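J.: Would you be able to build a 3D model of this:
(one chain, ligands or ions: 1)
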Amino acid sequence: MKVPFVDLGAQRDSIQEEVHEAMAGVLQRTDFILGQSVKLFEEEFAAYCEVKHAIGVDSGTSALELALRACDIGPGDEVITVANTFIATTLAISCCGATPVLIDIDPQNYNMDINLLEAAITERTKAIMPVHLYGQPVDMDALLALANKHNLKVIEDAAQAHGARYKGRRAGSAGHAAAFSFYPAKNLGAYGDGGIVVTNDDTIAHNVEMLRNYGQTKKYHHQMKGFNRRLDTLQAAILRVKLKYLDQWNANRRQHATRYNELLTHNGIVTPQVMDYAEPVWHLYVVRVDNRENFQNYLAERGISTGIHYPIPIHLQPAYLDLGYPAGSFPITESYADTIVSLPMFPELTPQAIEYVVENIHQFLTNT
Ligand SMILES: *Cc1c(COP(=O)(O)O)cnc(C)c1O
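T.: Prediction:
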């Protein structure tokens, strides 16, 4: 049996006709730039996230960067985020000329440890960027209380959390703005790059709209030095089709996670915990094991693909040595980086595949 880590083909096949029709519609209209599908998708995605505005852009990284710029964050400013995240989180901060300030993760939920937040705030801090990692929301009430107290902007990195809920509210709806990615393997993925900024703030929405489109308010009238970072119309048409299925796909992921949690009973493996405030969407299903290399090789030899999210913490990446955090700065992040493994997780995963993965994991753990 072969169990891939993700299977984009299975999903593509299940919606093929609808997607082809949607794409044909764009070709028919030839409204390739900021066309009708972009506008409709923005409305639909805003409604889905239970927010006022959504502005489509060309990637999740752009969404983060433009949200920061729209809040006037730039050189000399500090933005607090976590050491265990995908590098795009901090790249977006760096792209604006601001400085990422890192804190460690909570050992239980793998997200930003809110208890460490206040000590990281300085006179230069302008914003906090929580990352809803693996699809589980950060404890937003605690975070927002601190942000309000210190008058900081909150820009959520929701790139892994489309549809997740925190105390009943959608991930991405609590901060000043949030960024989503439509990278193909995300819970809502395009057939190429894409991203979106969501916000309830009219000014932020207006700024992002200008920034993504040459800084213009109307054609050839340029209010600011903007960029070309628009969401592609064809991608928007595809995303409109896929958005209709997102809740079902997330429900499937939830079912798979519950099954993994029930079946993975060996005490040599640490399974993920759901916080009582969270309704996660399981972008990734991450466990911890000793002996990770052997574990991954053992599974690979039996046709099971796994991943690591992420093997090298941000502060130990060559690109970020200039931040000056020595090894040992973030003990939880660093120790987890050596033991975390992501198991196969995608909506179309079958119960048989999950059982096969679990059987092989138990075999490995029993024999070592
Ligand atoms: C995928 C991802 C991004 C970046 O999205 P792109 O669309 O690839 O630019 C940012 N943050 C996190 C946490 C991600 O997982």
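J.: In space, what's closest to whatever residue of the chain ends up closest to the ligand - neighbours in sequence excluded?
T.: Going by CB to the nearest ligand atom, the ligand is nearest to Gly60 of the chain, at 2.4 Å. Just so you know, the C-beta spots here come from the backbone N, C-alpha and C atoms, and that holds for glycine as well. In space, Gly60 comes closest to Ser181 once its chain neighbours are excluded; the distance is 2.4 Å by CB to CB, 6 or more residues apart in numbering.
J.: if I pick the residue of the chain closest to the ligand, what's in contact with it?
T.: Ala88, Ala159, Ala179, Phe180, Ser181, Phe182, Tyr183, Lys186, Gly195 (CB atoms under 8 Å, 6 or more residues apart in numbering).
J.: how about the residues of the protein that lie near the ligand?
T.: Within the chain, the residues that sit near the ligand (CB under 6 Å from any ligand atom) are 59-61, 85-86, 88-89, 131, 157, 159-160, 181, 183, 193, 195.
J.: of those, closest to Ala70?
T.: The nearest member of those to Ala70, counting by CB to CB, is Gly195 at 13.8 Å.
J.: can you tell me how far that closest one sits from Phe182?
T.: According to CB to CB, to the nearest Å, Gly195 and Phe182 sit 6 Å apart.
J.: any idea which helix or strand of the chain has the worst average confidence?
T.: strand 216-218 (a mean of 91; mean pLDDT, DSSP states H and E).
J.: which residues in this structure form strands?
T.: For the chain, the strands defined by DSSP state E cover 53-57, 78-82, 99-103, 125-128, 153-157, 165-166, 169-170, 177-181, 195-199, 216-218, 221-222, 278-279, 285-288, 340-343.
J.: any chance of the contacts of Gly60 in TSV, plus neighbour count?
T.: Below are the contacts of Gly60 laid out as TSV (neighbours: other CB atoms under 10 Å):
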residue	neighbour count
Ala88	23
Ala159	30
Ala179	32
Phe180	30
Ser181	29
Phe182	31
Tyr183	20
Lys186	19
Gly195	30
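J.: Make TSV from those and add distance to Ala257 and pLDDT to it.
T.: As requested, those are exported to TSV (distance: CB to CB, whole Å; pLDDT from 0 to 100):
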residue	distance to Ala257	pLDDT
Ala88	24	98
Ala159	19	98
Ala179	24	99
Phe180	20	99
Ser181	21	98
Phe182	22	98
Tyr183	21	98
Lys186	16	98
Gly195	25	99
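J.: so which two of these are the farthest from each other?
T.: For the contacts of Gly60, the farthest-apart pair by CB to CB is Ala88 and Phe182; their separation is 13.0 Å.
J.: What's the separation between Ser335 and Gly56?
T.: Ser335 is 39 Å from Gly56, by CB to CB.
J.: swap in Thr271?
T.: Look at Thr271 and Gly56: by CB to CB, they are 36 Å apart.
J.: More neighbours: which of the two?
T.: Per other CB atoms under 10 Å, whichever of Thr271 and Gly56 has more neighbours is Gly56, with 29 against 17.
J.: So what sits opposite that one in the bridge?
T.: Ile196 (DSSP bridges).
J.: mind listing what it touches?
T.: Val38, Phe41, Glu42, Phe45, Gly194, Gly195, Ile196, Arg212, Arg230, Leu231, Ala236.
J.: Partner strands of the least confident helix or strand of the chain, with direction?
T.: Here strand 216-218 has these sheet partners by DSSP bridges: strand 221-222 (antiparallel).
J.: Give me the average confidence score over the partner strand.
T.: Taken as a whole, strand 221-222 has a mean pLDDT of 94.
J.: If you average pLDDT over each of the strands of the chain, which is lowest?
T.: strand 216-218 (a mean of 91).
J.: so how far is that one off the chain centroid?
T.: Here strand 216-218 is found 30 Å from its chain centre; the criterion is CA atoms, centre = their mean, to the nearest Å.
J.: Contacts for it, please.
T.: Contacts with strand 216-218, where a contact means CB under 8 Å, 6+ apart, come from Met210, His222, Gln223, Gly226.
J.: By neighbour count, which of these wins?
T.: Met210 (21 neighbours).
J.: what does the model give it for pLDDT?
T.: At Met210, pLDDT is 98.
J.: any idea what sits nearest Lys242, other than its immediate chain neighbours?
T.: Once flanking residues are discounted, Lys242 sits nearest to Leu188: 5.9 Å by CB to CB, 6+ apart.
J.: Over to that neighbour: give its phi and psi.
T.: Note on Leu188: backbone dihedrals following degrees, to the nearest 10 are phi -120, psi 110.
J.: Start the count at 575 instead of 1 going forward.
T.: Sure, I'll start counting at 575 from here, so that last one is Leu762.
J.: Identify the residues contacting Tyr884.
T.: With contact taken as CB under 8 Å, 6+ apart, Tyr884 is in contact with Asn658, Thr659, Phe660, Ile661, Ala911.
J.: Equivalent analysis for Pro885, please.
T.: Ala911.
J.: just checking, Asn826 touches Pro921?
T.: Yes. Counting by CB atoms under 8 Å, Asn826 does reach Pro921; the two are 4.0 Å apart.
J.: just the helices in the stretch 725-874 of the chain please.
T.: Assigned by DSSP state H, counting those that start in this stretch, the stretch 725-874 of the chain shows helices spanning 776-785, 807-817, 820-837, 866-875.
J.: deepest of those, which one?
T.: Across the helices of the stretch 725-874 of the chain, averaging neighbours per residue (mean count of other CB atoms under 10 Å) puts helix 807-817 on top, at a mean of 23.
J.: same for that one, what does it pack against?
T.: Counting contacts by 3 or more CB pairs under 8 Å, 6 or more residues apart in numbering; DSSP states H and E, helix 807-817 packs against helix 590-603, helix 610-623.
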